[in-house]
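In: pasting the sequence and the predicted coordinates here, then a few questions.
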Amino acid sequence: MRTRMRRIGVLTGGGDCPGLNAVIRAVTKAAIHHYGLEVIGIKDGFGGLINGNVCRLDEGGVSGILHRGGTILGTTNRDNPFHYLLRDNGEERYVDLSYLVLENIDMLGLDALVVIGGDGSMRIAMELYNRGAPIVGIPKTIDNDLMATDITFGFDTALHTATEAIDKLHTTAESHHRAMIVEVMGRNSGWIALEAGIAGGGDVILIPEIPFTIDGVCAKLLQRHDAGKSFSIIVVAEGAPHPQLGVIEKNCGNGRKVLGGIGELVGSEIESYTGIETRVTVLGHLQRGGAPSPFDRILSTRFGVKAVEMAVNGEFGKMACLRTPEIKAVPLEEAVAEQRKVPPDGELVRYARSVGTSFGD
Ligand code: F6P
């Protein structure tokens, strides 16, 4: 197909997730095959547009990456051009370098820039679009917390990883008559915990959207014990606030804090209140790695092709999204307006309760 557009850029921003490479491949192949465009890969998120760290992408370069986790372009969740940490002679200060991004988009001759990212990257993309950058967004994140799309790619793979882990923990829990806690990712939304908990037959699911109490969790475990069930599985989202201490974080150097630790805390409280031997497994970044599931490969491919189509049609300032059964375009503003949370009274929670799952409340 003929188009006035000549060159398109693509970058991956924020935390990685399975399916990023599948999107990069789809964008590159669709752009070259279908529209005869040149494709420029931006390295390490928006940072690559500040430092001019880019590469040419051709069919050979994206061959064999469909099934690979991670991103061949690299990514970071630090280089926000509007709030960029500059280190100068041992001093640190935040500066606005968005003008450099806009200049580099011009200098590279990019007629469109495809930004693949979560809510943080989409916010940056929207700001850049408001300053004139020809941006198209694609939603990613294992947390599935973007409201504008039915589902983000990466979530399904993370769900498989977490469910498989719960299946494995089941057998050892049963052998040792223990309570097993598995802490999964999910900063503000409990989708991974909820769905992996249901799929894996978790007895207790703790998510940020439903406040829990230790008494509530222990009551369920003791009830199971009294009914002759000698083991229990508790799935907890890392962002589920402790009833007294709130959201649990740990220091990871450089003054940065990351979520994590709620599993250990709940585990030791369960053990001391009930006497049930308890072990804790934190899945962490295992959920972000590995080969994307077939569902994620297909969704990534659909998003990638749609984004190129949107760029060619001049539909800038929008994000591709899944509105089942179709892939649509929504304004970035809409995409970042609200986070997608688990509805506490929604169908999934109600049905989980119906089969005896406790939310610790
Ligand atoms: O937003 C995705 C996510 O995986 C969260 O679930 C998690 O809290 C966070 O990223 C971890 O980020 P980092 O890789 O920077 O530790």
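Out: Cool, the structure landed.
In: confirm that residue 113 sits in a helix.
Out: No: counting by DSSP: H, G, I helix; E, B strand; the rest coil, residue 113 is not found in a helix; it is strand.
In: give me the number of residues near it?
Out: 25 (other C-beta atoms under 10 Å). Any C-beta I mention is one placed from the backbone N, CA and C, and that applies to glycine too.
In: repeat for residue 181
Out: There are 28 residues near residue 181, going by other C-beta under 10 Å.
In: that one sits in which helix or strand?
Out: strand 179-184 (DSSP states H and E).
In: how about that strand and the ligand, touching?
Out: No: judged by C-beta under 6 Å from any ligand atom, strand 179-184 stays clear of the ligand, getting no closer than 8.5 Å.
In: tell me the strands beside that strand, with direction?
Out: Strand pairing for strand 179-184, using DSSP bridges, gives strand 232-237 (parallel), strand 278-282 (parallel).
In: ok, longest helix in this structure?
Out: Using DSSP state H, we find that the single longest helix of the chain is helix 155-176.
In: on that earlier part again, contacts for the helix or strand that the strand holding residue 181 is followed by, please.
Out: Using DSSP H and E, the helix or strand that follows strand 179-184 in sequence is helix 191-199. The contact list for helix 191-199, computed with C-beta atoms under 8 Å, 6 or more residues apart in numbering, reads 142-145, 155, 158-159, 162-163, 165-166, 184-186, 202, 205-207, 235-237, 240, 287, 340, 342, 348-349, 351-352, 357.
In: need the strands paired with strand 179-184 in JSON lines with mean pLDDT, mean neighbour count and distance to the ligand, can you?
Out: Below are those laid out as JSON lines (pLDDT from 0 to 100; neighbours: other C-beta atoms under 10 Å; distance: least, C-beta to the nearest ligand atom, whole Å):
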{"stretch": "strand 232-237", "mean pLDDT": "98", "mean neighbour count": "29", "distance to the ligand": "9"}
{"stretch": "strand 278-282", "mean pLDDT": "98", "mean neighbour count": "19", "distance to the ligand": "12"}
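In: and the ones you listed: which comes nearest residue 63?
Out: strand 278-282 (35.8 Å; C-beta to C-beta).
In: residue 263: which of the strands paired with strand 179-184 is closest?
Out: If we rank the strands paired with strand 179-184 by C-beta to C-beta, the stretch that ends up nearest is strand 278-282, at 4.5 Å.
In: for residue 205, phi and psi?
Out: The phi/psi pair for residue 205 (degrees, to the nearest 10) reads phi -120, psi 130.
In: ok, and the closest non-adjacent residue to the residue of the stretch 101-250 of the chain found nearest the ligand?
Out: Closest contact between the stretch 101-250 of the chain and the ligand, by C-beta to the nearest ligand atom, is at residue 185 (3.4 Å). Excluding the flanking residues, the one nearest residue 185 by C-beta to C-beta, 6 or more residues apart in numbering is residue 287, at 5.2 Å.
In: the ligand versus that neighbour, what's the distance?
Out: Residue 287 sits 7 Å away from the ligand, taking C-beta to the nearest ligand atom, to the nearest Å as the criterion.
In: helix, strand, or coil at that residue?
Out: helix.
In: with residue 30 instead?
Out: Here residue 30 takes the helix state, with states given by three-state DSSP.
In: before we move on, back to that, can I get the strand holding residue 181 in CSV? Just the C-alpha atoms.
Out: Extracted C-alpha coordinates of strand 179-184, given in CSV (Å, rounded to 0.1, in the frame of the first residue of the first chain):
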residue,chain,number,x,y,z
ALA,A,179,0.0,-23.4,54.7
MET,A,180,1.8,-22.2,51.6
ILE,A,181,1.8,-18.5,50.8
VAL,A,182,2.6,-17.4,47.2
GLU,A,183,3.3,-13.6,46.7
VAL,A,184,2.6,-12.5,43.2
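In: and it, what's its mean pLDDT?
Out: The pLDDT scores in strand 179-184 average 98.
In: likewise for stretch 14-21?
Out: Here stretch 14-21 scores 97 as its mean pLDDT.
In: can I get the strands paired with strand 179-184 in CSV with distance to residue 39?
Out: Formatted as CSV, the strands paired with strand 179-184 follow (distance: least, C-beta to C-beta, whole Å):
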stretch, distance to residue 39
strand 232-237, 37
strand 278-282, 38
